[in-house]
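Peer 1: Need the 3D shape of this:
(2 chains)
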Number of protein chains: 2
Amino acid sequence: MRTILQERARATRRSLLEAAACLFAQQGYASTSVNDISARSGRTSGSVYFHYASKEGIAQAVVREGFATWPSLVPRYDDPSVPPLERLVALSYDIARALAEDSLTRAGARLWAERHTINADLPDPFVLWTTAVTRLLAQARAGGCLATGVRPAAAARTLVRAFYGFCTLTEALEGSHALTVRLSDWWRLTLPALQRDPRDGHAPTRQAM
Amino acid sequence: MRTILQERARATRRSLLEAAACLFAQQGYASTSVNDISARSGRTSGSVYFHYASKEGIAQAVVREGFATWPSLVPRYDDPSVPPLERLVALSYDIARALAEDSLTRAGARLWAERHTINADLPDPFVLWTTAVTRLLAQARAGGCLATGVRPAAAARTLVRAFYGFCTLTEALEGSHALTVRLSDWWRLTLPALQRDPRDGHAPTRQAM
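Peer 2: Below you'll find the model as predicted:
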């Protein structure tokens, strides 16, 4: 019995979250009311207040869930047979696609941009993302594929900010259809600094690692 | 007589613009009223309406002036005795400083981020910036200092977006005092892709150019 109730609560929360995400992504935080969210989800506004206490609370949940996309993708990129930098590039295209197409991710990005107008602290998504990228860069270093002098933590912090800024600005200026092409330009400029130049000598053998 | 009146009008517009910039930068567009702007500037609100027609009009002027900082800096970086990529890097630090300290630039950036809540088209600053950077990269190429395969226009578009996103995000996450240090990290990752590798052969002689 308890499980059925929990299951129902989960489904309600999910439908509220999805309705809120669509509305926040399309029309922003200020123009979306709890009534809009309840109308779109087909639940009562009492249900919004029961599960999330306030519009601020649901915005926080949307950002938390929306930005959770990136780290949750990382396990998919744990395949040790693929070079870590290749996995990093593939991951960035998945994130760019989510920023363009997934309403939860889009809502997370828009709410983060409008955070000054929201009367609540939003979770900082960049810490999680930076951790994931640091890990991939550290793997590249361990495999002898990272350029000399690149420090994984500092490089990851830099990459995440430049990537995110680049994607959101490209979408604002050209629309989300341009993201994939422009992201290739970005990697063309960024990858050479990460990759070990083969002329810098042989990569360490597995034994040396 | 006409000149004195023009001079007075210019001074009034300037004081309105500066008052609006400080307020927009500090508290955003929605929380700033025409009355706030008139109170801060010591001019009447009639004066705001006379010179800028509306709050939207003054926001447009602030963005136009705020983002004008970058191209207006470019002539300072026209010294042919300094390598173009060095001038590009120096320019980026000046822009980062303006984003951190100059209220007109800060207001421009904040209004651009809040553009969805402003009922008017804001000028797109990135076109001007990209033109300026394209020019510096083209000069680097003509001087044989640009890495093979880097196309100035595409690279400039990429650099401007990544740089701007990187700066605004760094400021949001760490505050503007961190900008200079973090920008060095960004250039450390970005510059290698722009600079011709000396191992790729000699730079063309002046004659060959």
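
Peer 1: from what I can see A:Thr105 touches A:Arg97, true?
Peer 2: No: the criterion here is Cβ atoms under 8 Å, and A:Thr105 misses it with A:Arg97 at 9.1 Å. C-beta: built from backbone N, CA, C; applies to glycine.

Peer 1: Of the two, which one has the most company?
Peer 2: Shown here are A:Thr105 and A:Arg97; by other Cβ atoms under 10 Å in any protein chain shown, A:Thr105 has more neighbours (24 against 15).

Peer 1: mind checking pLDDT for A:Pro123?
Peer 2: On the pLDDT scale, A:Pro123 is placed at 81.

Peer 1: quick check, it in a strand?
Peer 2: No: with DSSP: H, G, I helix; E, B strand; the rest coil as the criterion, A:Pro123 is coil rather than part of a strand.

Peer 1: What helix or strand is the residue nearest to it when sequence neighbours are not counted located in?
Peer 2: Computed as Cβ to Cβ, 6 or more residues apart in numbering or on different chains, the closest residue to A:Pro123 that is not its neighbour in sequence is A:Arg64, at 5.1 Å. If you go by DSSP states H and E, A:Arg64 is part of helix A:55-67.

Peer 1: Mind listing what's buried along that helix?
Peer 2: By neighbour count, and taking 16 or more other Cβ atoms under 10 Å in any protein chain shown as the criterion, the buried residues in helix A:55-67 are A:Lys55, A:Ile58, A:Ala59, A:Gln60, A:Ala61, A:Val62, A:Val63, A:Glu65, A:Gly66, A:Phe67.

Peer 1: same check, this time on stretch A:36-53
Peer 2: Applying a neighbour-count criterion of 16+ other Cβ under 10 Å, the buried positions in stretch A:36-53 are A:Asp36, A:Ile37, A:Ser38, A:Arg40, A:Ser41, A:Arg43, A:Ser45, A:Ser47, A:Val48, A:His51, A:Tyr52.

Peer 1: How about stretch A:88-103?
Peer 2: Using 16+ other Cβ under 10 Å as the test for burial, stretch A:88-103 gives A:Leu88, A:Val89, A:Leu91, A:Ser92, A:Ile95, A:Ala96, A:Ala98, A:Leu99, A:Ala100, A:Asp102, A:Ser103.

Peer 1: Which secondary structure state is assigned to the residue nearest to A:Glu114 when sequence neighbours are not counted?
Peer 2: For A:Glu114, the nearest residue in space outside its immediate sequence neighbours is A:Tyr29; the separation is 5.0 Å by Cβ to Cβ, 6+ apart. When classified by three-state DSSP, A:Tyr29 comes out as coil.

Peer 1: Please apply the same query to the one 3 residues further on.
Peer 2: Following three-state DSSP, we place A:Thr32 in the coil state.

Peer 1: Then A:Arg199?
Peer 2: For A:Arg199, the assignment made with three-state DSSP gives helix.

Peer 1: picking that back up, who's in contact with the helix holding A:Arg64?
Peer 2: A:13, A:16-17, A:20-21, A:24, A:29, A:32-34, A:37, A:48, A:52, A:102, A:104-109, A:111-112, A:118-123, A:125, A:128-129 (Cβ atoms under 8 Å, 6 or more residues apart in numbering or on different chains).

Peer 1: all helices for chain A, in order.
Peer 2: With DSSP state H as the criterion, chain A has helices at A:2-27, A:34-41, A:45-52, A:55-67, A:69-73, A:84-101, A:103-113, A:126-142, A:152-174, A:179-194.

Peer 1: where among those is the average confidence lowest?
Peer 2: Ranked by mean pLDDT, these end with helix A:69-73 at the bottom, a mean of 67.

Peer 1: need the contact list for the residue of chain A found nearest chain B.
Peer 2: Closest to chain B within chain A is A:Gly165: 1.1 Å, counting by Cβ to the nearest Cβ. If a contact means Cβ under 8 Å, 6+ apart, then A:Gly165 has B:Arg161, B:Ala162, B:Tyr164, B:Gly165, B:Phe166, B:Cys167, B:Thr168, B:Leu169 as its contacts.

Peer 1: give me that answer again for 7 Å
Peer 2: Applying Cβ atoms under 7 Å, 6 or more residues apart in numbering or on different chains, we find A:Gly165 in contact with B:Arg161, B:Ala162, B:Tyr164, B:Gly165, B:Phe166, B:Thr168, B:Leu169.

Peer 1: What sits closest to A:Trp143 if chain neighbours are left out?
Peer 2: Trp isn't right for residue A:143; it's Gly. If the residues on either side of it in the chain are set aside, A:Gly143 comes closest to A:Pro84, at 6.4 Å by Cβ to Cβ, 6+ apart.
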